[in-house]
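Chemist: Give me a model of this one.
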Amino acid sequence: MEEKKPVAAPFDGAQIRGVIFDMDGLMFDTETMFLKVLPEIGMANGYDIPPAAARAMMGCDSRKAVELEDQYPGLNHCLNEEYTPNRLKYFYEMFPTPGSADEPGLCELTAYLEEQNIPYAVASSSTRSDIMAFLAHAGRQLHPACILSGKEGFRSKPNPDIFLAAAMELGIDPAQALVLEDSAHGVKAARDGGFPCIWIPDVVEPDEEMRRNIQMELPTLADVKEWLEQARGRKQEKEGK
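Modeler: Okay, the predicted model is just below:
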């Protein structure tokens, strides 16, 4: 019998009690770096690693490279032996100034969440050391309530395990936890886990399947802040506050 998956929660910004951020391509412009550097590493090692190979890896754990090795020979070596161990070096070379890797609206949204006492989590397929380094390089000091790394025992997206764990850490139901994502694997994981999810476009061009999983689209994280602000404002008006 096919496993019955949760239905994605209806959108009501006023009911959001916590936010779950993906990191790469959502908080920081690391996907642009990935698209540039991985093919260069492939060329230097005698492999043809096209941008399509990098796009296929976006939003999922590096273990996915093993599954794609037949399609893109050399991908596993270039990613896990060359790129991943040196990722911070590439990051600081491309984004030397704190805040220069921030995606638009990151500082505005996180500041708003903290002002409103809305806890937020970071749930990323990156290593914990990379997550901590990137967060420390943001344009403002960030205060996530919890940080989860896909390298710490979670099944890779599109499995929703890491989002479910983040909601548990925040102490809220999935229907009350807004997931912010930029990848096909991420929006599917959110929908399958029963989370409301906003897709923020980055470098991924959605195909038909991804379009079916996108629940809502906003241009930037700053727009998410405005959406939450307006929804909470309407709720307060109804309550006469």
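Chemist: how near is the closest residue to residue 73 other than its chain neighbours to residue 175?
Modeler: Sequence neighbours aside, residue 47 is the residue nearest to residue 73 in space, at 6.4 Å (criterion: Cβ to Cβ, 6 or more residues apart in numbering). The way it works is simple: take the backbone N, C-alpha and C, and place the C-beta from them, glycine included. Taking Cβ to Cβ, to the nearest Å as the measure, residue 47 and residue 175 are separated by 44 Å.
Chemist: can you check residue 220 too?
Modeler: 24 Å.
Chemist: and what of residue 194?
Modeler: Between residue 194 and residue 175 the computed distance is 6 Å (Cβ to Cβ).
Chemist: Any buried residues in stretch 121-133, and which?
Modeler: Residues of stretch 121-133 classed as buried by neighbour count (16 or more other Cβ atoms under 10 Å): 121-127, 130-131.
Chemist: Tell me which of residue 220 and residue 175 has more neighbours.
Modeler: Comparing residue 220 with residue 175 by other Cβ atoms under 10 Å, the one with more neighbours is residue 175, at 19 against 16.
Chemist: Wasn't the more buried one part of a strand?
Modeler: No: counting by DSSP: H, G, I helix; E, B strand; the rest coil, residue 175 is located in no strand; its state is helix.
Chemist: Show the pLDDT at it.
Modeler: Listed pLDDT for residue 175 reads 93.
Chemist: try residue 235
Modeler: 70.
Chemist: Contacts for the longest helix along the chain, please.
Modeler: Taking DSSP state H as the criterion, the chain has its longest helix at helix 221-238. Helix 221-238 is contacted by residues 12-14, 16, 26-27, 103-106, 108-109, 112, 116, 118, 178, 180, 198, 200, 218 when judged by Cβ atoms under 8 Å, 6 or more residues apart in numbering.
Chemist: for this structure, what helix or strand is lowest in average pLDDT?
Modeler: Least confident helix or strand, the chain: helix 64-67 with a mean of 76, by mean pLDDT, DSSP states H and E.
Chemist: in the protein, what spans have low per-residue confidence?
Modeler: Applying pLDDT under 70 to the chain flags the ranges 1-10, 59-63, 237, 240-241.
Chemist: now the strands for it?
Modeler: Along the chain, the stretches classed as strands by DSSP state E are 18-21, 120-124, 146-149, 177-181, 197-199, 216-217.
Chemist: ok, back up a step: so which of the contacts of helix 221-238 sit within helices?
Modeler: Assigned to helices by DSSP H, the following of the contacts of helix 221-238 qualify: 106, 108-109, 112.
Chemist: Can you lay out those as CSV showing distance to residue 167?
Modeler: Shown next, in CSV, are the ones in helices among the contacts of helix 221-238 (distance: Cβ to Cβ, whole Å):
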residue, distance to residue 167
106, 21
108, 24
109, 19
112, 20
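Chemist: of these, buried ones?
Modeler: Buried members of the ones in helices among the contacts of helix 221-238, scored by 16+ other Cβ under 10 Å, are 106, 108-109, 112.
Chemist: returning to what we had before: which strands and helices lie in contact with the least confident helix or strand of the chain?
Modeler: Applying 3 or more Cβ pairs under 8 Å, 6 or more residues apart in numbering; DSSP states H and E, one finds that helix 64-67 contacts helix 51-57, helix 75-76.
Chemist: ok, and what's touching the last one?
Modeler: By that I understand helix 75-76. 42, 47, 49, 53, 57, 65-66, 68-69.
Chemist: quick one: the most centrally placed residue in the chain from residue 82, how far?
Modeler: In the chain, the centroid-proximal residue (Cα atoms, centre = their mean) is residue 22; its distance is 2.0 Å. According to Cβ to Cβ, residue 22 stands 24 Å off from residue 82.
Chemist: No more questions from me, cheers.
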